[in-house]
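In: Have a look; sequence and predicted model below, questions after that.
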Amino acid sequence: MIYYRPIAQTDAARPPLAPRLAGGWCWFDRLERLERGKKPRVVTVDDVPETVLRRLSLPRPAFAGLTLDAPRLMGILNVTPDSFSDGGRFDAPAAALAHARGMVAAGADILDIGGESTRPGSADVPEGDEIRRTAPVIAALVAGGLDAPISIDTRKSEVARAALDAGAAIVNDVAALNYDPDLAELAASRNVPVCLMHAQGTPATMQDDPRYDDVLLDVYDFLAKRVAAAEAAGIPRERIAVDPGIGFGKTVAHNLALIRGLSLFHGLGCPILLGASRKRFIGTLGGGSAATEADRRGPGTIAVMLAGLAQGVQIHRVHDIVETKQALRLWQAVTLGEEET
């Protein structure tokens, strides 16, 4: 199989015939042609099949009502006692509601609410516990007129059902609809968007000894198969986002290879979701107190987000909305000439 990774550009001096990447803020006139067992080579758009160019360049439809011609921020709300970064801080309903409203006021476009930690080494949480943690918070936010779609971060159909009944609008599954066979049918029947993430192994074992033949191409192939499976279940491609799963069954080298190659995933014809916020590799590379303290990894998280922006990534899942929104506004002003006041 031949893969084409667009070499994304953001410079204002765009050649007139250079396609826009996914209809967004990046453009490209060259691509990296990848094939297993062969040396990569750079080609021009004239050397690429029209069907490939079309999928790479077509604007992505709105996702949960949000246009994707500009980057979107997904704020993380973990209502769990044991998440790797903020476990226990927002598991009380009042604290969860206040934090959620604060993130939206600060610029979060989506809220992602999860009731089960999927940090390395974590165990499964019973469905009932997960529902009790998430559904009441979602219902209260919706009843309060929250001005942002809510995503339920779960692998389980009954948890998703309760969340959708409470007013959630997106299903974000770190198992890419592989864990619970009923989740795809539920998402299809409710006509809601889904986020499909790559993970190698389960949260309990995924960091034991992750291995790949070629991490970038292996993750791409996995996501291509999961998108096809979702479509077969009745979820159209325009309602699917893909996530390469930074930190889920990956070494530091694997994470970096995926971040460097993010633009490849535009070839799936779906929005890309990047979730690197406060992940361990940021502390490993950043050093200092960030190596052991997750909440010290904000600057490194922003650096990874900026790398994603430069490759046209549309949705960025982060903890620190205030700081990330500031960085996003400055990047847009300096790089794209977009001044938001």
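Out: Okay, I see it. Bear in mind the structure is a predicted one, so any value in this text is a computation, not a measurement.

In: Could you work out the end-to-end span of stretch 120-136 for me?
Out: 27 Å (Cα to Cα, to the nearest Å).

In: avg pLDDT for that stretch?
Out: Stretch 120-136 shows a mean pLDDT of 87 in the predicted model.

In: contacting residues around that stretch?
Out: Residues from elsewhere that reach stretch 120-136, judged by Cβ atoms under 8 Å, 6 or more residues apart in numbering: 79-80, 82, 84, 91, 93, 113-117, 152, 154, 156, 158-159, 162-163, 165-166, 203-204, 206-207, 247, 280. C-betas here are computed from N, CA, C, even on glycine.

In: try 7 Å
Out: 79-80, 82, 91, 93, 113, 115-116, 152, 154, 156, 158-159, 162-163, 166, 203-204, 206-207 (Cβ atoms under 7 Å, 6 or more residues apart in numbering).

In: buried subset of those?
Out: 79-80, 91, 113, 115-116, 152, 154, 156, 158-159, 162-163, 166, 203, 206-207 (16 or more other Cβ atoms under 10 Å).

In: Strands - which of those residues land there?
Out: Ile113, Ile152 (DSSP state E).

In: Summarise which helices and strands the helix or strand of the chain with the lowest mean pLDDT is packed against.
Out: Sorting the helices and strands of the chain by mean pLDDT, DSSP states H and E puts helix 93-106 at the bottom, at a mean of 89. Other helices and strands packing on helix 93-106, by 3 or more Cβ pairs under 7 Å, 6 or more residues apart in numbering; DSSP states H and E, are strand 72-78, strand 110-114, helix 127-143, helix 321-331.

In: Just tell me which of the ones you listed ends up closest to Ala64.
Out: Between Ala64 and the helices and strands packed on helix 93-106, the tightest spacing by Cβ to Cβ is seen for strand 110-114, at 6.9 Å.

In: quick one: buried residues of the helix or strand hosting Arg54?
Out: Using DSSP states H and E, Arg54 falls within helix 50-57. For helix 50-57, burial by neighbour count (16+ other Cβ under 10 Å) applies to Val52, Leu53, Arg55, Leu56, Ser57.

In: In a markdown table, list those along with distance to Gly267 and pLDDT.
Out: Below are the buried residues of helix 50-57 laid out as a markdown table (distance: Cβ to Cβ, whole Å; pLDDT from 0 to 100):
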| residue | distance to Gly267 | pLDDT |
| --- | --- | --- |
| Val52 | 7 | 98 |
| Leu53 | 10 | 98 |
| Arg55 | 6 | 98 |
| Leu56 | 6 | 98 |
| Ser57 | 11 | 98 |
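
In: And Leu264, how far from Ala108?
Out: 27 Å (Cβ to Cβ, to the nearest Å).

In: Quick one: list the elements packing against the helix or strand Ala241 falls within.
Out: Assigned by DSSP H and E, Ala241 belongs to strand 240-243. Applying 3+ Cβ pairs under 7 Å, 6+ apart, we find strand 240-243 packed against strand 194-197, helix 215-232, strand 273-274.

In: Can you list the strands that the shortest one pairs with?
Out: For strand 273-274, the paired strands and their directions (DSSP bridges) are strand 315-318 (parallel).

In: tell me how far the partner strand is from the chain's mean position?
Out: The chain centre lies 6 Å from the centre of strand 315-318; the measure is Cα atoms, centre = their mean, to the nearest Å.

In: do stretch 170-177 as well
Out: Distance, stretch centre to chain centre, for stretch 170-177: 10 Å (Cα atoms, centre = their mean).

In: contacting residues for the residue positioned nearest the centre of the chain?
Out: Centroid check for the chain by Cα atoms, centre = their mean gives Leu273 as the closest residue, at 2.3 Å. The contact partners of Leu273, taken as Cβ under 7 Å, 6+ apart, are Cys195, Ala241, Val242, Asp243, Ile315, Arg317.

In: Below-threshold pLDDT in the stretch 101-250 of the chain: ranges please.
Out: Applying pLDDT under 70 to the stretch 101-250 of the chain picks out residues 119, 121-122.

In: Outline the domain layout of this structure.
Out: 1-59, 60-336 (automatic domain parsing).

In: which of those domains is buried the deepest?
Out: domain 60-336 (a mean of 20; mean count of other Cβ atoms under 10 Å).

In: can you tell me how far the closest residue to Thr10 other than its chain neighbours sits from Asp29?
Out: By the measure of Cβ to Cβ, 6 or more residues apart in numbering, the closest residue to Thr10 outside its immediate chain neighbours is Thr335, 5.1 Å from it. Look at Thr335 and Asp29: by Cβ to Cβ, they are 18 Å apart.

In: Show me what the closest residue to Asp153 other than its chain neighbours is bridged to.
Out: Excluding the flanking residues, the one nearest Asp153 by Cβ to Cβ, 6+ apart is Gly114, at 3.3 Å. Note on Gly114: beta-bridge partners by DSSP bridges are Asn78, Asp153.

In: picking up where we left off before, can you name the next helix or strand after the strand holding Ala241?
Out: helix 252-260.

In: which other residues reach that next one?
Out: With Cβ under 7 Å, 6+ apart, helix 252-260 has contacts from 210, 212, 215-216, 219, 244, 246-247, 281, 284-285, 304, 307.

In: what about 10 Å?
Out: By Cβ atoms under 10 Å, 6 or more residues apart in numbering, the surrounding residues in contact with helix 252-260 are 5, 198, 200, 210-212, 214-216, 218-220, 244-248, 250-251, 264-265, 274, 276, 279-282, 284-285, 303-304, 307-308, 311, 313.
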